[in-house]
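*Asks:* Sequence plus predicted model, see below.
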Amino acid sequence: MPLTANAAPSKAQRAYDWIKAQIMSQAFSPGYRLVLASIAETLSMSVVPVREAIRRLEAEGLVTFERNVGARVSMVDGEQYTYSMETLAVLEGAATALSAAHITAEDLAHARELNASMEASLKNFDPQTFTETNHEFHRVLACRCPNERLNDLVTVEWERLNHLRTSTFSFVPERARASVNEHHHILHLIETHAPADAVERAVRQHRAATLASYLSSREDRGAAQRRTT
């Protein structure tokens with residue numbers, strides 16, 4: 001019997017809609033492992049429709065499947081993420097360099113507290129929380145930039161990255177330790193009144209290193225997937 005316009009959605013469709021909503025709201029962040037049994041229990045259904053939903057999401061690029069790992073949330077658009085990170089490296093480097101001459105002792109103390117929090121979190125690592133704290137760290141260091149136009153451009157890229165649901169640390173958690181250490185270096189440059197170009201270069205290299213880490217990881221995952229097909 002054909003479905004009518006008022007027919008209830010299938011279990012697979014309900015699972016698809018629910019999982020996709022979790023991904024787009026960032027409740028399931030990039031790198032989040034999708035455990036079929038757990039999702040099925042939450043939705044009060046068997047794993048069969050959940051598996052079908054995940055296959056659809058994989059075809060759309062929202063989910064990736066790794067051998068011996070299972071399904072994980074993937075980047076929506078890796079290319080756009082790359083462009084945003086490259087742009088942010090330039091803009092945020094310049095904004096932080098201009099901000100350095102105006103940053104207060106309270107700002108620096110707050111930034112150090114944030115970095116200490118990130119360092120402490122490495123023991124029980126949560127990529128999403130780490131990413132949020134990392135964003136606040138960089139916001140504090142750039143917040144005194146006197147160039148309002150530059151500030152607006154930096155904010156646009158921050159918001160674009162958030163829209164892309166990017167959390168590099170979900171895919172390369174080992175990058176988190178290096179990131180914290182680089183934060184220490186940037187703080188040291190600002191506290192010792194290093195030349196503006198040195199601060200700018202350090203911030204740009206910091207962002208570039210995070211991007212390079214993600215791209216390298218993506219290439220490794222792609223090579224591994226090709227070997228299994």
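*Replies:* Sure thing, it's come through.
*Asks:* Do a quick rundown of the helices in the chain.
*Replies:* Along the chain, counting by DSSP state H, helices occupy 11-24, 36-43, 47-59, 78-100, 105-121, 127-142, 148-163, 168-171, 175-191, 196-228.
*Asks:* what's the closest of those to Asn68?
*Replies:* Set against Asn68 and scored by C-beta to C-beta, the helices of the chain come closest in helix 196-228, at 9.6 Å. For the C-beta atoms, the positions are set from N, CA and C on the backbone; glycine is no exception.
*Asks:* what's the spacing between the closest residue to Arg177 other than its chain neighbours and Val172?
*Replies:* Nearest residue to Arg177 in three dimensions, chain neighbours excluded: Leu122, at 6.1 Å (C-beta to C-beta, 6 or more residues apart in numbering). According to C-beta to C-beta, to the nearest Å, Leu122 stands 13 Å off from Val172.
*Asks:* out of those two, which sits in the busier spot?
*Replies:* Taking other C-beta atoms under 10 Å, Leu122 and Val172 do not tie; Val172 has more neighbours (21 against 12).
*Asks:* give me phi/psi at the more buried one?
*Replies:* Note on Val172: its backbone torsions stand at phi -130, psi 70 [degrees, to the nearest 10].
*Asks:* what do you get for Phe28?
*Replies:* Dihedral angles (degrees, to the nearest 10) for Phe28: phi -110, psi 100.
*Asks:* same thing with Pro30?
*Replies:* Dihedral angles for Pro30 - degrees, to the nearest 10 - are phi -50, psi 130.
*Asks:* What about it, how many residues nearby?
*Replies:* Pro30, neighbours per other C-beta under 10 Å, totals 26.
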